[in-house]
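Novice: structure of the sequence below:
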Amino acid sequence: MNKPAAIDILLATSNPGKRREFLQLLPSAVNVKTLDDVHVTLSEETGATFAENSALKAIAASARSGLLTLADDSGLEVDALGGDPGVRSARYAGVPPSDDKNRAALLAALRQVPATARQARFVCAVSLARGGTILAEAEGTCVGIIASAPAGSNGFGYDPLFQLADGRTMAELPAAEKNEISHRARAYRAILPALLAAIEHDLPPGAR
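Specialist: Numbering: from 1, shown residues only. Model prediction:
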């Protein structure tokens with residue numbers, strides 16, 4: 001792949017943090033656009049699973065933009081809550097979304113649950129699409145427990161409550177370390193071979 005910049009990739013998000021994480025996994029010359037860059041707005045997520053929402057976003061964004069598109073959907077699943085917040089993770093405490101309110105609602109729901117029963121996982125489903133057709137799908141997870149109080153100032157969402165096996169929360173990790181073990185990074189790395197193959201396929205013959 002001599003000139004990967006010949007291909008624009010759409011990351012179906014308006015979140016600059018996701019774009020930064022994604023760029024760390026790709027050759028530096030690849031041009032990654034977001035929904036704001038291509039002026040595409042996606043409908044409300046209606047899927048029952050992360051994989052369904054990821055696919056819906058990838059299909060819609062690739063069809064509207066005409067670009068090779070990668071979309072993800074992610075959230076938190078807590079065993080003691082039957083898998084909640086799940087696909088409602090961003091809106092667990094209602095709308096408009098609020099990280100602080102979501103964390104408070106989660107702690108309230110787990111108030112009577114002992115530390116030994118607070119197992120949880122972050123899940124990320126990612127889908128690759130071109131022209132409204134899914135090319136590949138992958139998933140990544142990161143397991144931990146829900147702490148009794150938030151700790152750390154890095155990250156976002158439920159990161160300050162998500163405690164890893166070494167006792168640190170996700171929000172206490174340096175960005176580089178989080179990007180090695182996070183559910184999103186694992187999902188992106190899993191789909192990366194399919195993405196690079198799709199980029200190679202779309203390159204002009206002289207640029208391969």
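Novice: for the lengthiest helix in the chain, which outside residues touch it?
Specialist: Across the chain, the longest stretch assigned as helix under DSSP state H is helix 183-202. With CB atoms under 8 Å, 6 or more residues apart in numbering as the test, helix 183-202 has contacts from 1, 4, 7, 9, 18, 21-22, 25-26, 30, 68, 70, 72, 74, 121-126, 128, 130, 135-142, 178-179, 208. Any C-beta I mention is one placed from the backbone N, CA and C, and that applies to glycine too.
Novice: now, of these, which are buried?
Specialist: For the contacts of helix 183-202, a neighbour count by 16 or more other CB atoms under 10 Å gives the buried set as 4, 7, 9, 18, 21-22, 26, 30, 68, 70, 72, 74, 121-126, 128, 130, 135-140, 142, 178-179.
Novice: keep only those of those that are in helices.
Specialist: Per DSSP H, helices hold the following members of these: 18, 21-22, 178-179.
Novice: just checking: what are the partner strands of the strand ranked longest in the chain?
Specialist: In the chain, assigned by DSSP state E, the strand with the most residues is strand 133-146. When pairing is defined by DSSP bridges, strand 133-146 lines up against strand 119-130 (antiparallel), strand 162-163 (antiparallel).
Novice: these into JSON lines, with extra columns for distance to G94?
Specialist: As requested, those are exported to JSON lines (distance: least, CB to CB, whole Å):
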{"stretch": "strand 119-130", "distance to G94": "21"}
{"stretch": "strand 162-163", "distance to G94": "21"}
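Novice: out of those strands, nearest to F156?
Specialist: The closest of the strands paired with strand 133-146 to F156 is strand 162-163. By CB to CB, the value is 11.2 Å.
Novice: need the max-distance pair from the ones in helices among the buried ones among the contacts of helix 183-202.
Specialist: Taking CB to CB as the measure, these span a maximum distance of 13.9 Å, between F22 and K178.
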